[in-house]
Each structure stands twice: as C-alpha cells, then as structure tokens.
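Participant: 3D, please:
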Amino acid sequence: DKCNGCRSCEIICSNFHATPKYSSINPARSRIQVIHDPTTDIWLPVFAGEYTPAECMGRGKYVIDGKEYDDCTFCRASCPARDRFKEPDSGLPLKCDMCEENDPGQPPLCVQWCYNEVLIYEEREEEVEEEVILGEIEIGLESLVSKHGLQKLVDTVARMTQKD
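Facilitator: Numbering: from 1, shown residues only. Modelled structure (predicted):
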C-alpha cells in the first residue's frame with residue numbers, strides 16, 4: 001500500500017554497487033527491484049535474497065558472503081525472481097549484501113532512501129541454541145520409541161546385543 005514506485009531504492013542500490021562506487025546509476029545492477037502489478041496497481045519492492053542450494057559440478061567458482069557458487073546459476077533455478085537479479089555484464093546472480101561496506105551500524109541505503117518508509121531494517125537477536133543438541137542417533141532413537149514404544153526398542157536392542 002505504501003510503495004508508490006518511485007524506485008529510489010533501486011537508484012541508490014545501483015549507485016552504491018557501481019564500479020567505482022557512486023559513479024553511475026544502472027537499475028539492472030540493483031539488488032532490489034520494484035515490481036508493478038498493473039491489474040491491482042500495487043508496487044512491491046523485492047530484494048535479491050538467498051540462493052537455492054544446488055549440486056553444481058564446479059565451473060568458474062565465485063564467492064558471495066563466504067559461500068561458494070559457480071557460474072552455472074542452478075542455484076537460482078527455482079527462484080521466482082531468477083531472471084531479475086543478474087549482473088548485466090557477466091550474467092552472474094546478484095545478492096543483497098545489506099550495504100556491508102557502508103557506515104557500520106547504519107541500515108542499508110535502500111531503507112534510508114525509502115521516503116514512504118516501506119522498507120524496514122530490523123536487527124534480529126540470534127536465537128540461543130539449546131545447550132544439548134540431540135545427535136542423529138538420539139533423534140533416530142526418539143523416532144523409534146514414538147513409533148514402536150520404549151519397551152519394544154529396549155527388547156530389540158537387548159536381543160541384538162546378546163552374544164551367541
């Protein structure tokens with residue numbers, strides 16, 4: 001409802017990611033794009049998010065956020081926005097980096113430049129991991145107990161461990 005399609009988020013993003021930085025504006029290089037649905041007259045900002053895991057055979061590897069990808073782009077194959085976020089020159093997939101090279105502690109530039117406050121940046125606290133994480137064996141045993149009952153599992157393990 002709030003987005004009016006001004007595309008200031010696209011402009012600042014492409015400008016920030018230009019080489020050299022702030023040297024040009026090319027919305028095709030933006031990690032966020034505003035999509036317009038003419039049937040409902042709704043404008044929707046969409047950002048280039050995580051990649052889908054892919055079993056690639058390793059041709060021309062490149063790294064984004066510490067994760068290694070290759071240029072086969074299978075990682076974007078199941079993404080509905082797969083054709084929207086590609087580097088125009090190389091064709092490699094783009095991914096939002098939250099303007100990491102910007103001033104520390106500041107929200108991404110697209111959020112700062114969104115005059116209608118459509119884009120919001122909230123830091124989330126990391127979830128505290130449980131002190132005890134069940135391993136694969138424990139998970140398997142719990143599954144067997146819930147399916148067959150504890151006594152049946154105990155009897156089966158006892159029978160299996162008896163020496164002949």
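
Participant: hey, where'd the strands end up in the protein?
Facilitator: Secondary structure of the chain (DSSP state E): strands located at 32-37, 42-47, 61-64, 67-70.

Participant: domain ranges for the protein, per the record?
Facilitator: Domain ranges of the chain: 8-112, 134-164, per automatic domain parsing.

Participant: now those as CSV including distance to Y121?
Facilitator: All C-beta atoms are positioned from the backbone trio N, CA, C, and that covers glycine. Listed next are those as CSV, based on distance: least, Cβ to Cβ, whole Å:
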stretch, distance to Y121
domain 8-112, 4
domain 134-164, 35
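
Participant: show me the helices in the protein, by range?
Facilitator: Along the chain, counting by DSSP state H, helices occupy 8-16, 109-112, 136-148, 150-161.

Participant: to L94, which of these lies closest?
Facilitator: With respect to L94, and counting by Cβ to Cβ, the nearest of the helices of the chain is helix 8-16 at 9.7 Å.

Participant: how about residues contacting the closest one?
Facilitator: 22, 24-34, 45, 99, 102, 109-110, 112-115, 119 (Cβ atoms under 8 Å, 6 or more residues apart in numbering).

Participant: now that helix, how far from the centre of its chain.
Facilitator: 20 Å (Cα atoms, centre = their mean, to the nearest Å).

Participant: repeat for stretch 19-30
Facilitator: Per Cα atoms, centre = their mean, the centroid offset for stretch 19-30 relative to its chain is 22 Å.

Participant: low pLDDT regions in the protein?
Facilitator: Along the chain, the parts satisfying pLDDT under 70 run over 1, 50-83, 126-137, 163-164.

Participant: count the residues that sit near T156.
Facilitator: 12 (other Cβ atoms under 10 Å).

Participant: my bad, E87
Facilitator: With other Cβ under 10 Å as criterion, E87 counts 12.
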